[in-house]
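Visitor: pasting the sequence and the predicted coordinates here, then a few questions.
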Amino acid sequence: MTARGWFLFSLMGVVWGIPYLLIKVAVEDLSPATVVFARCALGALLLLPFAIRQGGLVRTVRAHWAPMLAFACIEIMGPWFTLTDAERHLSSSTAGLLIAGVPIVGVIAARFFGDAEVLGARRIAGLVLGLAGVGVLTVPHLTGGDARSLAEVLLTVIGYATAPLIAARRLKDIPTLQLITPCLILTALVYAPAAVAGRPAAMPSAEVLAALAGLGVICTAVAFVAFLELIKEVGPTRSTVITYVNPAVAVAAGAAFLDERLTAGVLAAFLLILAGSVLATAAGPKKDRRPVAWSTRQTSRADGRVESP
């Protein structure tokens, strides 16, 4: 992977490791619809001037509205609500840990989309190693959730695994800002009525407002620009491996801000996740680019010269 790819991968590993903590804080006082609306509206407000400045925003939407709608529904509109609603009953660390199943689902989904990347033994070993690290983290934390919440996280995982395939296959030539800005605007409009209906009776606390600001600015505007660039740089399957790093960040955030203990098992899981990420994001085996025999076979001409058929 290139230096740029590693930078984007590292950035996304951190940036999408903290939303679980911020969502948990925000959903204590606000409805899931309000949280989704606020982060999408703020993210769109920040990105829209830059998308307009690029020019051709309306033309892009008209030409690619169908795959953009699919991406918005599968990556944002559905998963962000189900994840936020699940965190009303699940801890933030548990939600982050469960999301780590995205790379495995992504590999399976790629087969159905016909865009399967060549994995190779090393990348498969990395996926397994990362999953083992997630397992070390997950087993002690799988408490306190009901069936509905776990099902909502499963739907989130499926969405997160499938949407990058759509972006890579149907939207790869669209400028990043012109893709994500309309998707955020659409999602904000969809959730606006529910957000208004479920608005709090009093002004939320400063802590909740700070969480919403972090979700909108860092975890939405900055994160999506970086994520779509990461998909273009390393491909849809390898880009989802950030969800092996996210749980580690989620646990670290819990330790830093919620006084959760960093045990030996958690530290061991960190090493497994990081090692698995390195292997899983490695370049796949190179294809044999040697020309086939028939393409280089030379034929003789009557004048003694030779030519390739």
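Guide: Nice, thanks for sending it over.

Visitor: number of residues surrounding Phe7?
Guide: Phe7 has 15 neighbouring residues, counting by other C-beta atoms under 10 Å. For glycine as for every other residue, the C-beta is placed from the backbone atoms N, C-alpha and C.

Visitor: could you measure from it over to Glu87?
Guide: Here Phe7 is placed at a distance of 29 Å from Glu87 (C-beta to C-beta, to the nearest Å).

Visitor: with Leu186 instead?
Guide: 23 Å.

Visitor: which one's more surrounded, those two?
Guide: Taking other C-beta under 10 Å, Leu186 and Glu87 do not tie; Glu87 has more neighbours (28 against 20).

Visitor: quick check: closest non-adjacent residue to Gly126.
Guide: Excluding the flanking residues, the one nearest Gly126 by C-beta to C-beta, 6 or more residues apart in numbering is Leu279, at 2.7 Å.

Visitor: got the contact list for the helix or strand encompassing the one you found?
Guide: Using DSSP states H and E, Leu279 sits in helix 264-280. The contact list for helix 264-280 (C-beta atoms under 8 Å, 6 or more residues apart in numbering) reads 9, 13, 103, 122-123, 125-134, 136-137, 140, 238, 241-242, 244-245, 247-248, 251.

Visitor: and those residues, which of them are in helices?
Guide: Among these, DSSP state H puts 9, 13, 103, 122-123, 125-134, 136-137, 238, 242, 244-245, 247-248, 251 in helices.

Visitor: any stretches of the stretch 1-150 of the chain with poor pLDDT?
Guide: Low-confidence segments of the stretch 1-150 of the chain, defined by pLDDT under 70: 1, 111, 113-119, 137-146.

Visitor: which residues in it form helices?
Guide: 3-15, 19-26, 32-54, 57-71, 78-86, 92-98, 102-113, 120-138, 147-170 (DSSP state H, counting those that start in this stretch).

Visitor: present the ones you listed as TSV; the columns should include distance to Ala255.
Guide: Rendered in TSV, the data for those read as follows (distance: least, C-beta to C-beta, whole Å):
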stretch	distance to Ala255
helix 3-15	15
helix 19-26	11
helix 32-54	24
helix 57-71	34
helix 78-86	21
helix 92-98	9
helix 102-113	23
helix 120-138	12
helix 147-170	22
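
Visitor: just the buried ones from the ones in helices among the contacts of helix 264-280?
Guide: 9, 13, 103, 123, 125-127, 129-131, 133-134, 136-137, 238, 242, 244-245, 247-248, 251 (16 or more other C-beta atoms under 10 Å).

Visitor: Ile180 is in contact with Ala226, isn't it?
Guide: No: using C-beta atoms under 8 Å, Ile180 makes no contact with Ala226, being 10.6 Å away.

Visitor: these two: which has the busier surroundings?
Guide: Applying other C-beta under 10 Å to Ile180 and Ala226 shows that Ile180 carries more neighbours, namely 29 against 19.

Visitor: ok, now how distant is that one from Pro19?
Guide: From Ile180 to Pro19 the distance is 16 Å (C-beta to C-beta).

Visitor: and for Phe71?
Guide: Distance of Phe71 to Pro19, computed by C-beta to C-beta: 19 Å.

Visitor: go on, Ala188?
Guide: Remark: distance between Ala188 and Pro19 (C-beta to C-beta) = 17 Å.

Visitor: for the two, indicate the residue with more neighbours.
Guide: More crowded of Ala188 and Pro19, by other C-beta under 10 Å: Pro19, with 30 against 22.

Visitor: isn't the more buried one up against Leu215?
Guide: Yes: assessed by C-beta under 8 Å, Pro19 is found in contact with Leu215 at 6.1 Å.

Visitor: what's the neighbour count on Leu179?
Guide: Neighbour number of Leu179 under other C-beta under 10 Å is 25.

Visitor: so it makes contact with Pro67?
Guide: No: using C-beta under 8 Å, Leu179 is not in contact with Pro67, being 9.4 Å away.

Visitor: give me the number of residues near Pro204?
Guide: Neighbour count of Pro204, defined by other C-beta under 10 Å: 18.
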